[in-house]
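Enquirer: below are the sequence and a predicted model; questions follow.
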Amino acid sequence: MLLDFEQPIAALEGKLREMQQLALDSQVDVSEAVAALEAKIKALKKETYANLTRWQRVQLSRHPDRPYTLDYIDGMASKFIELHGDRTVADDKAMVGGFADLDGRSVMFIGQQKGRNTKQRQFRNFGMPNPEGYRKALRLMKLAEKFNKPIVTLIDTPGAFPGLEAEERGQGEAIARNLKEMFLLKVPVICVIIGEGASGGALGIAIGDRVLMLENTWYSVISPESCSSILWRSWDYKEQAAEALKLTATDMMQAKLVDGIVKEPLGGAHTNVPKMIDTLKKTLIKTLDELSAMPTEERISQRIDKFSAMGVVAE
C-alpha cells in the first residue's frame with residue numbers, strides 16, 4: 001500500500017527496476033546510471049520522511065503492514081504464554097497479554113491487537129477494547145506484581161470501544177480504575193506507543209515509569225478525523241486538526257508528556273520489521289535494567305510526580 005506522499009519515491013523505484021531489468025535483458029552496462037538513481041532515491045526518501053506533516057505521520061502509524069502487538073512479542077521474546085479473560089464477563093480479543101521471556105527475563109506483555117484482514121479485524125474489534133479488556137489488563141498487571149515481574153504495555157488503538165453495551169458494563173470506570181492502580185504498581189512499568197494512541201483507550205494501559213513512542217506514531221485525546229467532525233462538522237479538515245492537536249512523538253516530547261522516542265527504519269516500521277523489532281527490544285532491555293536498579297518506593301514516587309507535573313494550571 002502506497003501513501004500519497006510516497007508516490008514520487010515509488011515512481012523512481014519503478015524506473016530503477018526497469019533499468020535493472022534492461023541491464024539483464026540486453027547485457028548493457030548501466031551500473032553508473034543505477035548507482036546515480038539509487039543515490040537519488042535515498043536522498044528523496046531522507047528528505048520526504050524528515051519533513052512529514054503531522055497528518056502524514058498519522059497515516060504512517062495506520063499503515064496496514066506495520067507490526068502489531070503480537071508481532072513485537074513474537075519477535076522480541078520467547079516462550080510467550082497468552083492469558084485470557086477478566087474473570088467476570090469475557091475474554092476481550094482486542095486486548096492480549098501474557099508472560100514471555102525477554103533476553104532471559106520473565107516479563108508481562110500487554111497490548112491492544114488489531115487484525116490484518118477483515119475477518120481478523122472483526123475478531124479483534126479493530127483494536128478497540130471493551131471494559132473486560134481493561135479489566136483483563138489490570139488482572140494481568142496484578143499477577144505480574146504478585147510474582148515481581150516487570151510489565152511492558154504496547155499501545156495501538158483508535159480508542160476504547162464506544163458501543164452502548166461497553167458503556168453499560170462500565171467502560172469509563174474500567175479505564176479510571178486502571179489509571180489509579182497503575183500509579184501504585186510495585187514493579188517496573190514501560191509503556192510503548194507502537195501505532196495509534198487515541199484517548200482514554202490508550203491511556204488505560206499507559207501509566208508507566210517510562211512512556212515511549214515510536215517515531216511515526218501519535219498520541220492524543222482525540223483522532224484528527226473526530227476532531228474535524230466536531231469542530232467543522234466534516235472529516236475534510238483532518239489535516240488542520242492534526243496540526244492543531246500536536247500529536248506526534250516530537251510534539252509529545254516537547255510537551256514533556258512522554259519520556260523518549262524510538263527511531264524507526266527509514267520509511268516507517270513496516271519497511272524493515274526485523275530491524276524495528278530489534279531496535280525496540282534493545283530499548284526495552286536497557287530501560288528495564290535502569291528501572292530494576294531503582295528502589296521500589298522511589299520508582300513509584302517518580303511515576304506519580306511525573307504525571308502530576310503534566311499540564312498547565314492558570315489561577
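Expert: Okay, I see it.

Enquirer: can you give me the strands in the stretch 1-150 of the chain?
Expert: 78-82, 95-102, 105-112 (DSSP state E, counting those that start in this stretch).

Enquirer: ok, the stretch 201-315 of the chain next?
Expert: Shown for the stretch 201-315 of the chain, the strands assigned by DSSP E, counting those that start in this stretch span residues 210-214, 218-220, 260-262.

Enquirer: and the longest one, what does it pack onto?
Expert: Using 3 or more Cβ pairs under 8 Å, 6 or more residues apart in numbering; DSSP states H and E as the contact criterion, the neighbours of strand 210-214 among helices and strands are strand 189-198, helix 249-254, strand 260-262, helix 273-292. The C-beta positions use only the backbone N, C-alpha and C, and glycine is treated the same way.

Enquirer: hmm, back to that, any chance of CSV for the strands of the stretch 1-150 of the chain, columns mean pLDDT and distance to residue 238?
Expert: Shown next, in CSV, are those (pLDDT from 0 to 100; distance: least, Cβ to Cβ, whole Å):
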stretch, mean pLDDT, distance to residue 238
strand 78-82, 96, 35
strand 95-102, 97, 27
strand 105-112, 97, 22
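
Enquirer: got those strands as a markdown table, with distance to residue 307 and mean neighbour count columns?
Expert: Shown next, in a markdown table, are those (distance: least, Cβ to Cβ, whole Å; neighbours: other Cβ atoms under 10 Å):
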| stretch | distance to residue 307 | mean neighbour count |
| --- | --- | --- |
| strand 78-82 | 29 | 12 |
| strand 95-102 | 22 | 22 |
| strand 105-112 | 19 | 24 |
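
Enquirer: could you dump those strands to a markdown table with distance to residue 72?
Expert: A markdown table is the format used below for these (distance: least, Cβ to Cβ, whole Å):
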| stretch | distance to residue 72 |
| --- | --- |
| strand 78-82 | 11 |
| strand 95-102 | 10 |
| strand 105-112 | 8 |
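
Enquirer: can you say which of these is nearest to residue 303?
Expert: Smallest distance to residue 303 across the strands of the stretch 1-150 of the chain (Cβ to Cβ): 16.7 Å, for strand 105-112.

Enquirer: name the surrounding residues that touch that closest one.
Expert: 69, 72-73, 77, 80, 94-101, 127-129, 133, 137, 140-141, 143-144, 147, 149-157, 194, 201, 205, 285, 288 (Cβ atoms under 8 Å, 6 or more residues apart in numbering).

Enquirer: how about a cut-off of 6 Å?
Expert: With Cβ atoms under 6 Å, 6 or more residues apart in numbering as the test, strand 105-112 has contacts from 69, 73, 94-95, 97, 99-100, 127, 137, 140, 144, 149-154, 156-157, 205.

Enquirer: dump the C-alpha coordinates for that strand into PDB.
Expert: Below are the C-alpha coordinates for strand 105-112, written out as PDB (Å, rounded to 0.1, in the frame of the first residue of the first chain):
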ATOM      1  CA  ARG A 105      14.000 -12.100  32.000                       C
ATOM      2  CA  SER A 106      10.300 -13.000  32.600                       C
ATOM      3  CA  VAL A 107       8.100 -10.100  31.500                       C
ATOM      4  CA  MET A 108       4.400  -9.500  31.400                       C
ATOM      5  CA  PHE A 109       3.400  -8.100  28.000                       C
ATOM      6  CA  ILE A 110       0.000  -6.500  27.500                       C
ATOM      7  CA  GLY A 111      -1.300  -4.600  24.400                       C
ATOM      8  CA  GLN A 112      -4.100  -3.900  22.000                       C
END
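
Enquirer: neighbouring strands of it in the sheet, and parallel or not?
Expert: Strand 105-112 sits in its sheet next to strand 95-102 (antiparallel), strand 151-157 (parallel), going by DSSP bridges.

Enquirer: would JSON lines of those with distance to residue 89 be doable?
Expert: Shown next, in JSON lines, are the strands paired with strand 105-112 (distance: least, Cβ to Cβ, whole Å):
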{"stretch": "strand 95-102", "distance to residue 89": "12"}
{"stretch": "strand 151-157", "distance to residue 89": "19"}
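
Enquirer: which one, of the ones you listed, ends up nearest to residue 267?
Expert: Closest among these, using Cβ to Cβ: strand 151-157, at 18.8 Å.
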